[in-house]
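In: mind folding the following:
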Amino acid sequence: QVQLVESGGGSVQAGDSLRLSCAPSGVTFSSYVMGWFRQAPGKEREFVAGINSRGGSTVYADSVKGRFTISRDYAKNTVYLETNRLKPEDTAVYYCAAKFNVNVGRVFMRSPEYDYWGQGTQVTVSS
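Out: Next up, the predicted model:
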C-alpha cells in the first residue's frame with residue numbers, strides 16, 4: 001500500500017521559513033517523480049514545485065521561484081520543500097504527490113498526471 005506522509009507545516013509570520021517533508025512508503029523512491037502542490041481556500045489546487053526521479057531536474061511555479069527549493073534524499077526516501085521569505089499569499093494546504101516515471105528527465109506539473117497523494121499539511125502565513 002502506497003502512503004505519502006507530509007510534515008513540517010505550521011503558522012508563521014511573513015518572511016519566515018518552513019521546511020516541508022514528505023516520506024513515501026510502498027514505492028521504489030528512485031522511480032518516482034515527486035511534486036508539491038498547494039490549495040488555498042476557494043482556489044484550485046496549483047503546482048508549486050517538482051523534481052525528477054533522479055533528482056537532477058527541478059521545476060518551480062513562477063510565484064515561488066527564488067524562494068522555494070525542492071530536493072530529495074534517497075537515503076531517507078524523503079522529498080523536501082524548503083520555503084523561504086514566506087508571504088501571506090503562500091497560505092494553503094500543501095500536498096506531496098508521486099508519479100511513477102522511468103523517463104528520468106521529466107518533471108510533471110499537472111495534478112492529474114500524479115499517481116499518489118498525501119493528506120496535506122497546512123501552512124499559514126500572517127502579515
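In: point to the residue nearest the middle of this structure.
Out: residue 36 (2.2 Å; CA atoms, centre = their mean).
In: pretty sure that residue sits against residue 92.
Out: No: using CB atoms under 8 Å, residue 36 makes no contact with residue 92, being 10.5 Å away. Every residue, glycine included, has its C-beta placed from N, CA and C.
In: which residues does the residue nearest to the centre of the chain form a beta bridge with?
Out: Going by DSSP bridges, residue 36 is paired in beta bridges with residue 49, residue 96.
In: list the contacts of it.
Out: When the contact criterion is CB atoms under 8 Å, 6 or more residues apart in numbering, the partners of residue 36 are 20, 22, 48, 49, 50, 70, 79, 81, 94, 95, 96, 97.
In: of these, which is the nearest to residue 127?
Out: Comparing the contacts of residue 36 against residue 127 with CB to CB places residue 94 closest, at 19.1 Å.
In: so where does that closest one fall, helix or strand?
Out: Secondary structure from DSSP states H and E places residue 94 in strand 92-100.
In: other SSEs contacting that strand?
Out: With contacts taken as 3 or more CB pairs under 8 Å, 6 or more residues apart in numbering; DSSP states H and E, strand 92-100 sits against strand 3-7, strand 18-25, strand 32-39, strand 116-117, strand 121-126.
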